[in-house]
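S.K.: coords please:
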Amino acid sequence: MTQTTQRWQREVTFWRHARRAYPLGTVVGPGLVVLAAVASFATMVATGRLVTAVVDGDPVWTWLALVVAGMITQPVAMAALDAVGAVHQVRLTEQRHRMIAEAALAPHGIGHLEDPQQAGRVAALTEHVRSAVGLQEIGSVWRVLAIRATGVAALVVVASWSWWIALGVLLAQLVQGHLFTSYIDVVNRELLTESSVERRRARYLFQRLTVRDAAKEVRLFGLTPWLLGEYARTWEAVNDNSIRARRGAMRRSLAGAVLLSAGIAAALAWLVRDAWVGAVGVGAVVTIVQGIDGLASFGALGDQSVRSGRARETELRLAELVGGAAGLPALTTAASAAGRGAARVDLDDVTFTYPSRTEPTLRGLDLHVPAGQSVAIVGVNGVGKSTLIKLLCGLYPPDAGTVRIDGLDPAAADDVRRRVAVIFQEFVRYHLSLRDNVTMSEGREPGAFEEALADAAGEDVLGRVGGDWDTVLDPGYAGGTDLSGGQWQRVALARALLAVRRGAGVLVLDEPTAALDVRAEAQIFDRFLQVTRGVTTVLVSHRLSSVRHAERIVVLGPDGIVEDGSHEELLARDGDYARMFRLQAARFASAGGRVQA
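M.R.: The predicted model follows:
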């Protein structure tokens, strides 16, 4: 794609997005641009005529009034344009956030977010949209257009004296503007796309020095010098790449600036010559000098050009991001097909490989869970237990085979995916109120979230917040507090139980009691079996003392299911499950505990 084509594409994309964000702004803005240009032209002409009238002793009041009117109208028009730009920026920023979210969330799964290049583009655009430059761009676009329009007025003024000088200075300004814009394009492209992965790493290293979550380990292990050194090296590498990418464009822009300066000097020298020979009067000289200066409106405009160019580049990158997401599998709507109550789970000949790996994590897996049954999935690390959960949730489609919830594909239909409630081993700790952490939805049935927390044995959580459901679960907020690992796990469990109340037919728990001691774990599971009766449950845990409560236990191995049966049946077979269970029981007994077979 040629540079001209790229610029045309940026221009078309930007104005399409700008019009969609704020249609009224794209109507009012041009009117104010024209008004500013007319006021500028009137001011230049009237100033020269005023000087001539003073020199000749003619009446000056008419020209003085025009000068005053022009000098008032132009800044008022520009101020109004800034106001329109501010409103337009708010709408455009909101639209940009929606587009980024659309690109990140439109595909049903999460595989695209694990692609380093895609994640880098999302991070770079998100950071820019929220930056000081990103929050001023549309105002700069309107201001640049107004300045260009005043340049047209200046061109008319200079051309009325000498068309060839007007044309020469105009071309010099356009060349310099083109070269400067090319330099800005290189900068924008490098900032928004080409080195976003490296910049993301540098940003991450610096954040480890400043965020609360990492503060304990950073201080305890004395990681500050190492993090600073890694940050400095990464940032220096990014800057080295940036300098190399920008150097050629910068040199051409500086050469254009030198030629432009020579051209303006030649034009002013010719004007002095005409004034010396009496070809132009003093009033005309005043007007023409303003016109020559005004032709700078067609050249480089510094920060305004930077922000204006960045605005166009941003919209193009956003369009590419959304367009790339649109090429991924989209969601379908099957609300009438998805039912309620316990759901049946079927995996037939499922094979799955992560994008970053070459060997499949699951191979030819067959698993069928009748509606309402409780199943525990066990096995050594790396056999695909957590991957199985992600497939059930529709976060990844299988490479081969099918995954079905009541006969429907959770990787293709959003309402089917919502039939699965899950607590991941690394669940999210939202820095929101306790109420929002449990409900996470607009629908807040009276008493439902209280019952869900009670079912999750969360009485101590309520005690921690003094019974105030609106307490923010983060000490960084006024009145906020943090929870222990076990308390957070109960909150996550309550969130999943509430989803079951709202219609989820499968409850999946990935190491749901990892942060609890054995006694608390036993209490949780006793209550869990009661509140989930009649719901299809899939439990993944390394603690076999917990999974023995399930109606059915499935042992996964590298090549699929190794054993399948109840706790008693698997012990009687004296296979892998029995050996793992007795090994854990022996370790627990040696620590002073007791495990029942």
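
S.K.: Every contact and neighbour count from this point should use C-alpha atoms.
M.R.: Fine.

S.K.: now the strands: where do they sit in the protein?
M.R.: For the chain, the strands defined by DSSP state E occupy 345-352, 362-369, 374-378, 400-405, 420-423, 506-510, 536-540, 552-557, 560-565.

S.K.: Kindly reformat those strands as JSON lines containing mean pLDDT, mean neighbour count and distance to residue 40.
M.R.: Formatted as JSON lines, these follow (pLDDT from 0 to 100; neighbours: other C-alpha atoms under 10 Å; distance: least, C-alpha to C-alpha, whole Å):
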{"stretch": "strand 345-352", "mean pLDDT": "93", "mean neighbour count": "20", "distance to residue 40": "67"}
{"stretch": "strand 362-369", "mean pLDDT": "91", "mean neighbour count": "18", "distance to residue 40": "71"}
{"stretch": "strand 374-378", "mean pLDDT": "90", "mean neighbour count": "25", "distance to residue 40": "76"}
{"stretch": "strand 400-405", "mean pLDDT": "93", "mean neighbour count": "20", "distance to residue 40": "68"}
{"stretch": "strand 420-423", "mean pLDDT": "86", "mean neighbour count": "25", "distance to residue 40": "65"}
{"stretch": "strand 506-510", "mean pLDDT": "87", "mean neighbour count": "24", "distance to residue 40": "69"}
{"stretch": "strand 536-540", "mean pLDDT": "88", "mean neighbour count": "25", "distance to residue 40": "73"}
{"stretch": "strand 552-557", "mean pLDDT": "91", "mean neighbour count": "22", "distance to residue 40": "78"}
{"stretch": "strand 560-565", "mean pLDDT": "90", "mean neighbour count": "18", "distance to residue 40": "78"}
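
S.K.: Residue ranges in the stretch 301-450 of the chain under the pLDDT threshold?
M.R.: Low-confidence segments of the stretch 301-450 of the chain (pLDDT under 70): 324-340, 441-446.

S.K.: How many neighbouring residues does residue 225 have?
M.R.: Neighbourhood size, residue 225 [other C-alpha atoms under 10 Å]: 10.

S.K.: could you give me the average pLDDT of the longest helix along the chain?
M.R.: Secondary structure of the chain per DSSP state H: the longest helix is helix 224-277. Averaged across helix 224-277, the pLDDT comes to 85.

S.K.: Distance from that helix to the middle of the chain?
M.R.: Its chain's C-alpha centre and that of helix 224-277 lie 32 Å apart, by C-alpha atoms, centre = their mean, to the nearest Å.

S.K.: on contacts alone, who are the packing partners of it?
M.R.: Helices and strands touching helix 224-277, by 3 or more C-alpha pairs under 8 Å, 6 or more residues apart in numbering; DSSP states H and E, are helix 163-189, helix 196-208, helix 282-294.

S.K.: Now do the same contact list for the spatially closest residue to residue 287 that is not a sequence neighbour.
M.R.: Spatial nearest neighbour of residue 287, chain neighbours left out: residue 48 (4.8 Å); criterion: C-alpha to C-alpha, 6 or more residues apart in numbering. Residue 48 makes contact with 282, 283, 284, 285, 286, 287, according to C-alpha atoms under 8 Å, 6 or more residues apart in numbering.

S.K.: Over to residue 97?
M.R.: Counting by C-alpha under 8 Å, 6+ apart, residue 97 touches 126, 129.

S.K.: Enumerate every residue touching the residue nearest to the spatial centre of the chain.
M.R.: In the chain, the C-alpha nearest the mean C-alpha coordinate belongs to residue 126, at 4.1 Å (C-alpha atoms, centre = their mean). Applying C-alpha under 8 Å, 6+ apart, we find residue 126 in contact with 97, 100.

S.K.: hang on, the earlier thing: for residue 142, which of the strands of the chain is the nearest?
M.R.: Proximity to residue 142 (C-alpha to C-alpha) singles out strand 420-423 among the strands of the chain, at 48.7 Å.

S.K.: Mind giving me the packing neighbours of that closest one?
M.R.: Packed against strand 420-423, as judged by 3+ C-alpha pairs under 8 Å, 6+ apart, are the following elements: helix 485-501, strand 506-510.

S.K.: ok, the nearest residue to residue 68 once chain neighbours are set aside to residue 384 distance?
M.R.: In space, and not counting its chain neighbours, residue 68 is closest to residue 43: 7.9 Å by C-alpha to C-alpha, 6+ apart. As judged by C-alpha to C-alpha, to the nearest Å, residue 43 and residue 384 stand 76 Å apart.

S.K.: So for the two, which sits in the more crowded spot?
M.R.: Using other C-alpha under 10 Å, the more surrounded residue of residue 43 and residue 384 is residue 43, with 26 against 22.

S.K.: show me what contacts that one?
M.R.: 66, 67, 68, 69, 70, 71 are the contacts of residue 43 under C-alpha under 8 Å, 6+ apart.

S.K.: Also residue 173?
M.R.: Contact analysis of residue 173 by C-alpha under 8 Å, 6+ apart lists 260, 295, 296, 298, 299, 300.

S.K.: again, but for residue 431
M.R.: Residue 431 touches 472, 473, 474, counting by C-alpha under 8 Å, 6+ apart.

S.K.: Recalculate using a threshold of 6 Å.
M.R.: Counting by C-alpha atoms under 6 Å, 6 or more residues apart in numbering, residue 431 touches 473, 474.

S.K.: What does it show for phi and psi?
M.R.: Backbone torsions for residue 431, taken as degrees, to the nearest 10, come to phi -80, psi 60.

S.K.: give me the number of residues near the closest residue in space to residue 249 that isn't next to it in sequence?
M.R.: In space, residue 249 comes closest to residue 183 once its chain neighbours are excluded; the distance is 4.8 Å by C-alpha to C-alpha, 6+ apart. By the criterion of other C-alpha under 10 Å, residue 183 has 22 neighbours.

S.K.: same check, this time on residue 15
M.R.: Neighbours of residue 15 under the rule other C-alpha under 10 Å: 14.

S.K.: State the pLDDT value of it.
M.R.: Here, the pLDDT recorded for residue 15 equals 91.

S.K.: residues near the nearest residue to residue 300 once chain neighbours are set aside, how many?
M.R.: Leaving aside its chain neighbours, residue 300 sits nearest to residue 177 (4.4 Å; criterion: C-alpha to C-alpha, 6+ apart). When neighbours are defined as other C-alpha under 10 Å, residue 177 has 23 of them.

S.K.: Go ahead and confirm residue 177 touches residue 302.
M.R.: No - here residue 177 lies out of contact with residue 302, judged by C-alpha atoms under 6 Å, at a distance of 10.0 Å.

S.K.: Take the helices and strands packed on helix 224-277 and lay them out in JSON lines including mean pLDDT and distance to residue 500.
M.R.: Formatted as JSON lines, those follow (pLDDT from 0 to 100; distance: least, C-alpha to C-alpha, whole Å):
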{"stretch": "helix 163-189", "mean pLDDT": "85", "distance to residue 500": "47"}
{"stretch": "helix 196-208", "mean pLDDT": "78", "distance to residue 500": "37"}
{"stretch": "helix 282-294", "mean pLDDT": "90", "distance to residue 500": "69"}
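
S.K.: Could you say which one of those helices comes nearest to residue 356?
M.R.: Of the helices and strands packed on helix 224-277, nearest to residue 356 by C-alpha to C-alpha is helix 196-208, at 16.2 Å.

S.K.: So which other helices or strands are in contact with that closest one?
M.R.: For helix 196-208, the contact count by 3 or more C-alpha pairs under 6 Å, 6 or more residues apart in numbering; DSSP states H and E identifies helix 116-129, helix 224-277 as packing neighbours.

S.K.: rerun at 10 Å
M.R.: Helices and strands touching helix 196-208, by 3 or more C-alpha pairs under 10 Å, 6 or more residues apart in numbering; DSSP states H and E, are helix 116-129, helix 212-220, helix 224-277.
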